[in-house]
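Novice: sequence unknown, structure follows:
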């Protein structure tokens, strides 16, 4: 399947704008050439209920990452680059096979640095009559200019808002501009698509369009979470849909650095939940029980999430 690849020639797809020629095998920060590498295409039941519904979210897990947080929960694919090179035609066929099982959406995970491929995949699926929503599941560290284009094909955006503290951002992913870049991107998305709708916290009716912001509480960094909540409330109000997660688990790199080498305590998460309530956010997913360990992935396995096997 032929499609334009010029954006890989002097790659500026993410805010790092490495300008390497991925078509000639050069690798920028994301660690990937122009040969599309992905790990897993599967019905996933570990997303928020409004995405998972009763039949799962149709996740497509790409390799590499342009954000690069050292504590990444998907480190096996984002940092270790597990996965195999696939053509657009192969990916489209695998997604069509997955859709035959009734998944509610096609959920592109960590797709920023693969936009030319994702664009081609999305167009091919629409040409074949696929009508389910397309989901952009990302770190939130995205160029606003790229998001403007992506809004033309993508229905639902799930950006993280990881860091309100520039110093923490620099410590975790090497760039203190994360808060500014992520906020600018969110403004584009909310202006173009609005908040996630319909809102059904039970997942009986799955979402079809709009923005849901995720925030992962980090151990020992409650102040960052509180600042993030206030920043989001000031810019978007109490109607902004949020998913405030407590499911952090230390990765091997956390242990090596002796940083974030424990889980979030119930007290830490409770402080964040109190701020959510005080600010009056009306559409929120919370994880008071810490999230399920069976949705911590092992991408060396054919089915990376043991929690999916139960469905």
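Specialist: In hand now; what should we look at? Computed from a predicted model, the values in this text were never measured in an experiment.

Novice: Strands along the stretch 151-300 of the chain, start to end?
Specialist: 156-159, 210-211, 213-216, 242-245, 284-286 (DSSP state E, counting those that start in this stretch).

Novice: Any stretches of this protein with poor pLDDT?
Specialist: Residues of the chain meeting the criterion pLDDT under 70: 291-295, 310.

Novice: Give me the distance from the top strand by length along it to the chain's centre.
Specialist: Scanning the chain for the strand with the most residues, using DSSP state E, yields strand 37-44. Averaging C-alpha positions (Cα atoms, centre = their mean, to the nearest Å) puts strand 37-44 13 Å from its chain's average.

Novice: Helices along the protein, start to end?
Specialist: For the chain, helices defined by DSSP state H occupy the ranges 49-52, 75-78, 88-99, 115-127, 144-150, 166-173, 178-193, 222-236, 252-257, 266-279, 306-309.

Novice: Select, out of those helices, the one closest to residue 11.
Specialist: Closest to residue 11 of the helices of the chain, according to Cβ to Cβ: helix 115-127, at 9.9 Å. No exception for glycine: its C-beta is placed from N, CA and C like everyone else's.

Novice: Please enumerate residues in contact with that closest one?
Specialist: Contact partners of helix 115-127, identified using Cβ atoms under 8 Å, 6 or more residues apart in numbering, comprise 1, 3-5, 7-8, 13, 36, 88-89, 91-92, 95-96, 106, 108, 111, 134, 146, 149-150, 153-154.

Novice: can you do 7 Å?
Specialist: 1, 3-5, 7-8, 13, 36, 88, 91-92, 95, 106, 108, 111, 134, 146, 150, 153 (Cβ atoms under 7 Å, 6 or more residues apart in numbering).

Novice: Provide a list of residues in contact with the closest residue to residue 168 other than its chain neighbours.
Specialist: Nearest non-adjacent residue to residue 168, counting by Cβ to Cβ, 6 or more residues apart in numbering: residue 224, 5.3 Å away. Contacts for residue 224 (Cβ under 7 Å, 6+ apart) come out as 163, 164, 165, 168, 218.
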